[in-house]
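Asker: Return atomic coordinates for the entry below.
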Amino acid sequence: MVSLPPAKCCATLGHIWNGEPTGKVTTFAQVQTYISAPQEKQANPKVVLILTDVFGIATPNPKLIADEIAKQGYTVLIPDLFAGNPYPVDAKWDEEGTKKFHEWHATMTSPVINERLLPVLEEVRKVYQPTSIGAAGYCFGAKYVVQLLAGQIDAGFIAHPTNVLKEEMEQVKGPLFIAAAEVDNIFPLEKRNESELVLKEKKATYSIALFGGVSHGFATRGDPNNNKEKYAKEKALWDMLYWFQAYL
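Answerer: Okay, the predicted model is just below:
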């Protein structure tokens, strides 16, 4: 395992960002999906999927990220991987809350998630006929970006990944960018090094950025009023955009 299973840092909401999402939630391949489309004059024939952390599309944060990506000409989709049952944003991390989190997480297995995700990917190809597809995964969602990079998408970006198996990383074929937090019990130094070694040995196209002074979740739940967190979350977004500009 090149990143550890979810824990408290994954289930801590962090900060809700200001802003009004401009896309819409609709049913796509029988999955509730947030779609942010570019303005017609900016549009390109490429699609980006966002695979979220455990809070799904219940907060505006991933939607605001999608809207920023769409401004660069991409059509962006965020499928609800949890079928209306994300981890509650108001959950407590006490003894009972810890138990409930692990019970909830145990129901969100790879077969369950892929049963929702893969039809969305197939429908994207039919509806949009994209020239290329990228995916960005945060925390929980990072695992599935890594899986898709085995040959189903063209480039991937992940931030503070959880629960990624070594054998999944070994199957990566497309370019992968990893944004990591210095303070992260799920993706600590030894796991970052292990991930890098796997990618280096297979001669993958990859980049790893380490953001000092920030914690797990910074890219989707960082505090915009904290200078370090604000810089890190914004830089991670621009790193992703430059990555997709280069490899999609």
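
Asker: can we go C-alpha only for contacts and neighbour counts from here?
Answerer: Will do.

Asker: which parts of the lowest-mean-pLDDT helix or strand in the chain are buried?
Answerer: Within the chain, no helix or strand scores below helix 95-107, which has a mean of 89 by mean pLDDT, DSSP states H and E. Across helix 95-107, burial judged by 16 or more other CA atoms under 10 Å covers T98, K100, F101, H105.

Asker: buried residues in the longest strand along the chain?
Answerer: Ordering each strand of the chain by length in residues (DSSP state E) puts strand 206-215 first. By 16+ other CA under 10 Å, the buried positions in strand 206-215 come out as Y206, I208, L210, F211, V214, S215.

Asker: Can you tell me how far the residue lying closest to the last one once chain neighbours are set aside is from A83?
Answerer: Nearest residue to S215 in three dimensions, chain neighbours excluded: V183, at 4.5 Å (CA to CA, 6 or more residues apart in numbering). Here the criterion is CA to CA, to the nearest Å. By it, V183 lies 31 Å from A83.

Asker: and those two? which has more neighbours close in?
Answerer: Under the criterion of other CA atoms under 10 Å, the comparison of V183 against A83 puts V183 first, with 18 against 14.

Asker: State the pLDDT value of that one.
Answerer: On pLDDT, V183 comes in at 96.

Asker: The residue nearest to S215 is in contact with L210, isn't it?
Answerer: No - with contact defined as CA atoms under 8 Å, V183 does not reach L210; the gap is 10.0 Å.

Asker: ok so, going back, pLDDT of the longest strand of the chain, averaged?
Answerer: Strand 206-215 carries an average pLDDT of 97.

Asker: swap in stretch 164-178?
Answerer: The average pLDDT within stretch 164-178 is 98.

Asker: try stretch 49-64
Answerer: pLDDT averaged over stretch 49-64 gives 97.

Asker: G23: what's its closest spatial neighbour, skipping adjacent residues?
Answerer: With sequence-adjacent residues excluded and distances taken as CA to CA, 6+ apart, G23 is closest to S36, at 4.3 Å.
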